[in-house]
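Participant: Here is my input, please return the structure:
(one chain, ligands or ions: 1)
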Amino acid sequence: MPEHVATAEAHPNIALIKYWGDLDPVLHIPANGSISMNLAGMFTRTRVSFTPGLAQDRFTLNDKTADTPSAQRVSKMLDRLRLMAGIDTRALVESQNNFPTGAGIASSASGFAALALAASKAAGLELDEKDLSRLARTGSGSACRSIPAGFVEWQGGTNDEDSYAFTLASPEHWDLVDCIAVVSQVEKQVSSSEGHALASTSVYQKARVSDAPRRLEICRKAILEHDFEALAEVVELDSNLMHAVMFTSNPPVIYWLPETVRIMQAVQSMRKTGLPVCYTVDAGPNVHVLCPSEVAGEVANQLGQITGIAQILMAHPGGAARLVNGKNNVF
Ligand code: PMV
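Facilitator: Numbers count the residues shown, from 1 in each chain. Next up, the predicted model:
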């Protein structure tokens, strides 16, 4: 096989209804479906080149050789693709995040979505959106939601075929802004993979999962009808439910810092004064503060007055994962 190269970009996403816990931890079949918004302006760009003569896959992240666990996860996805494409050539994978490393923005979703698209193209496969989403999911569950555009639902499903994500509404449908209040740049103690594995040890996980279809329906409807009040209520409830499961797992997982709680309370106070705003927190201490774009300036202003926030990043709804600049693009 001659050298085959492709480059792709994908955005990270913020979950409005969270994925926490797996039915199948290897294929990342989730315990419940989820809904997210892609984050425009931030992306991972990945170039994959299947290179004859290479003894093993090589993976660099932001120009540095990646650690072994990350390299193994990348090779696992490449192995899947090699099997599908009937090739055994090893690949050079060069990945860059345009958002600050260690700013607490999970890059596994954008990273594995960009890898799925670039590597499948470089391997000569023409996968449709559904199959790309399924492939991205095998790298990191939430990565399946970074393949389609805008507001995205991951249909949890029960197996490899029926667990994938699709667009609920385009990025232009609703100009929401995610004001990300970064409070800590320290790497988290418990990875999301470890956290997913602990979810079922909490007595609350069953209740969270069985109520998920109801929350998904409220969230879907709120997005489609631009109903921010309904969205805010279900987004905060869903985040709190996930953290309740984390707190009550065995051993417990506590991602919050004092600043996290301070910001959550400040957001509730802002809402009491009439500002349409709500919070959601992922597997880390940073707070994603969502609001319609008309009030984003005011929200960022008010967040700026809270002590303990290192920086505030702002993101509008983002598009789908995409190939960039033909096949020979370099950074
Ligand atoms: O895709 P993972 O394994 O990094 O899990 C993501 C978990 C959360 O970010 C906490 C929730 C979500 O749905 O994105």
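Participant: Point out where the chain drops to low pLDDT.
Facilitator: Scanning the chain with the threshold set as pLDDT under 70 gives 1-3, 101-104, 187, 326-331.
Participant: I'd like to know how far the residue of the chain most remote from its centre sits from the ligand.
Facilitator: Most distant from the centre of the chain: residue 53, at 34.2 Å, with distances by CA atoms, centre = their mean. Separation of residue 53 from the ligand (CB to the nearest ligand atom, to the nearest Å) stands at 34 Å. For glycine as for every other residue, the C-beta is placed from the backbone atoms N, C-alpha and C.
Participant: Wasn't that residue part of a strand?
Facilitator: No. Counting by DSSP: H, G, I helix; E, B strand; the rest coil, residue 53 falls outside a strand, being coil.
Participant: Counting neighbours, what do you get for residue 261?
Facilitator: By other CB atoms under 10 Å, 13 other residues sit near residue 261.
Participant: which residues does it contact?
Facilitator: Residue 261 sits next to no residue when contact means CB atoms under 8 Å, 6 or more residues apart in numbering.
Participant: and it, which of the three is it?
Facilitator: Secondary structure assignment for residue 261 (three-state DSSP): helix.
Participant: do residue 154 as well
Facilitator: From three-state DSSP, the assignment for residue 154 is strand.
Participant: List the contacts of it.
Facilitator: So residue 154 contacts 19, 30, 33-36, 133, 137, 141-142, 144-145, 163-165 (CB under 8 Å, 6+ apart).
Participant: Can you tell me which of those residues end up in strands?
Facilitator: Among these, the members found in strands (DSSP state E) are 30, 34, 35, 36, 164, 165.
Participant: Count the residues that sit near the last one.
Facilitator: By the other CB under 10 Å criterion, the neighbourhood of residue 165 contains 30 residues.
Participant: Hmm, it is touching residue 142, no?
Facilitator: No. Between residue 165 and residue 142 there is no contact under CB atoms under 8 Å: 9.2 Å.
Participant: out of the contacts of residue 154, which touch the ligand?
Facilitator: 19, 34, 141, 142 (CB under 6 Å from any ligand atom).
Participant: Identify the residue spatially nearest to the third one, adjacent ones excluded.
Facilitator: Think residue 141. Nearest residue to residue 141, sequence neighbours excluded (CB to CB, 6 or more residues apart in numbering): residue 28, at 3.9 Å.
Participant: how far away is the one you found from residue 263?
Facilitator: When CB to CB, to the nearest Å is the yardstick, residue 28 and residue 263 sit 30 Å from each other.
Participant: Residue 198 now?
Facilitator: Taken as CB to CB, the span from residue 198 to residue 263 is 25 Å.
Participant: Looking at these two, which one has more neighbours?
Facilitator: More crowded of residue 198 and residue 263, by other CB under 10 Å: residue 263, with 25 against 20.
Participant: residues contacting that one?
Facilitator: Contacts of residue 263 (CB under 8 Å, 6+ apart): 181, 183, 279, 287, 289, 303, 306, 309.
Participant: one more time with 7 Å
Facilitator: Residue 263 makes contacts with 181, 279, 287, 306, as judged by CB atoms under 7 Å, 6 or more residues apart in numbering.
Participant: mind giving me JSON lines with those residues and columns for secondary structure, distance to the ligand and neighbour count?
Facilitator: As requested, those are exported to JSON lines (DSSP: H, G, I helix; E, B strand; the rest coil; distance: CB to the nearest ligand atom, whole Å; neighbours: other CB atoms under 10 Å):
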{"residue": "181", "secondary structure": "strand", "distance to the ligand": "16", "neighbour count": "30"}
{"residue": "279", "secondary structure": "strand", "distance to the ligand": "14", "neighbour count": "24"}
{"residue": "287", "secondary structure": "strand", "distance to the ligand": "13", "neighbour count": "29"}
{"residue": "306", "secondary structure": "coil", "distance to the ligand": "23", "neighbour count": "17"}
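Participant: Report how many residues lie close to the residue of the stretch 51-200 of the chain found nearest the ligand.
Facilitator: Distance from the ligand to each residue of the stretch 51-200 of the chain (CB to the nearest ligand atom) is smallest for residue 142, at 3.2 Å. The number of residues packed near residue 142 is 30, by other CB under 10 Å.
Participant: What are the buried residues along stretch 26-36?
Facilitator: Residues 28, 29, 30, 31, 32, 33, 34, 35, 36 are the ones in stretch 26-36 that count as buried (16 or more other CB atoms under 10 Å).
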